[in-house]
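Q: With the input below, show me the fold.
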Amino acid sequence: MPRTVADAEGELRALLSRSIAVTYEPQAPPSDRPLRRSAVLILFGALDRRPAEHGARTVPPELDVLLTRRADGMRHHAGQIAFPGGGAEPGDRNAADTALREASEETGVDPAGVEVLGSLQPVHIPVSNNLVTPVVGWWRRASAVAADHAESVEVFRAPVAEMLDPAARGTSVLRHEATTYRGAAFALGPHLGGHLVWGFTGMTLASLFDELGWSVPWNPRQEFPVAP
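A: Got it, this is the predicted structure:
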């Protein structure tokens with residue numbers, strides 16, 4: 001199990017040397033919009049060296065992941081915690097280009113300071129009809145980050161150890177008309193606004209943590225209600 005930042009980085013490199021699929025359960029009815037190709041950046045690092053306040057010991061306490069809170073006026077996933085990312089543009093050579101460009105626009109992260117380690121298999125998000133490629137990066141060189149207040153209204157580095165704390169893990173429950181949607185979720189601490197990481201973001205992180213062997217036993221019967 002990783003005990004140092006170097007160990008965690010090595011685990012990520014080893015994992016991304018093979019094809020990894022995200023365990024994803026749709027959280028809304030499908031859209032009739034045209035299919036759109038997108039990418040998100042899952043950016044791990046430990047550059048601020050600020051340790052987690054508590055949490056699992058399967059990862060070093062200073063390991064974190066970059067997250068944003070989407071603007072309330074967004075058409076899809078408004079107000080949710082998300083990875084920075086968005087739709088592909090003609091000038092993008094690949095999914096990594098899309099993820100890095102969008103992350104720079106939304107958070108100000110400098111792409112030159114990010115090493116792309118690899119990608120997970122694309123995930124189809126029915127509610128927005130997006131085919132999303134999760135691109136995993138490692139933060140090599142620090143850069144200031146801040147919300148652009150167009151697509152994102154908050155940007156923060158969430159300690160992974162705190163997210164892996166069994167007390168912070170549970171199942172999101174979204175009831176919409178006659179259907180109930182469930183998925184892996186993480187409750188962030190008060191110092192990060194107490195937000196809930198759920199939907200595509202929560203399930204992608206849960207899949208990654210499971211594949212990496214970083215997860216510790218948690219209670220899936222702990223439910224976090226989500227408003228439609």
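
Q: Could I get the full set of helices for this protein?
A: Counting by DSSP state H, residue ranges of the helices within the chain are 5-15, 95-107, 160-164, 199-212.

Q: tell me what the first one is packed against?
A: Right, helix 5-15. If you count contacts as 3 or more Cβ pairs under 8 Å, 6 or more residues apart in numbering; DSSP states H and E, helix 5-15 packs onto strand 36-45, strand 130-139, helix 199-212. For every residue, glycine as well, the C-beta is placed using N, CA and C.

Q: Quote the end-to-end distance of stretch 159-172.
A: End-to-end distance for stretch 159-172: 20 Å, by Cα to Cα, to the nearest Å.

Q: which one of the helices of the chain is the most hemmed in?
A: Greatest average neighbour count among these goes to helix 160-164 (a mean of 25), per mean count of other Cβ atoms under 10 Å.

Q: quick one: contacts of it?
A: The contact list for helix 160-164 (Cβ atoms under 8 Å, 6 or more residues apart in numbering) reads 44, 52-61, 63-65, 168-169, 186, 188-189, 197, 205, 209, 214-216.

Q: Mind checking which of those residues are buried?
A: Using 16 or more other Cβ atoms under 10 Å as the burial test, those include 44, 52, 55-56, 58-61, 63-65, 168-169, 186, 188-189, 197, 205, 209, 214-215 as buried.

Q: one step back: out of the helices of the chain, the one nearest residue 127 is which?
A: Checking the helices of the chain against residue 127 by Cβ to Cβ gives helix 199-212 as the closest, at 9.1 Å.

Q: low-confidence ranges in this protein?
A: Along the chain, the model assigns pLDDT under 70 to residues 1-2, 47-52, 71-78.

Q: 80 instead?
A: Low-confidence segments of the chain, defined by pLDDT under 80: 1-3, 26-32, 47-54, 71-79, 142, 148-152, 228.

Q: Quick check: most distant residue from the centroid of it.
A: Distance from the centre of the chain peaks at residue 178, with 28.4 Å (Cα atoms, centre = their mean).

Q: Inside strands: which ones of the contacts of helix 160-164?
A: Per DSSP state E, strands hold the following members of the contacts of helix 160-164: 44, 64, 65, 169, 186, 197.

Q: mind putting the residues you listed in TSV, distance to residue 14 included?
A: Listed next are the ones in strands among the contacts of helix 160-164 as TSV, based on distance: Cβ to Cβ, whole Å:
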residue	distance to residue 14
44	14
64	20
65	18
169	24
186	23
197	25
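
Q: State the pair within those that is farthest apart.
A: The most widely separated members of these are 44 and 169, with 18.5 Å between them, by Cβ to Cβ.

Q: how close does residue 121 sit to residue 24?
A: 10 Å (Cβ to Cβ, to the nearest Å).
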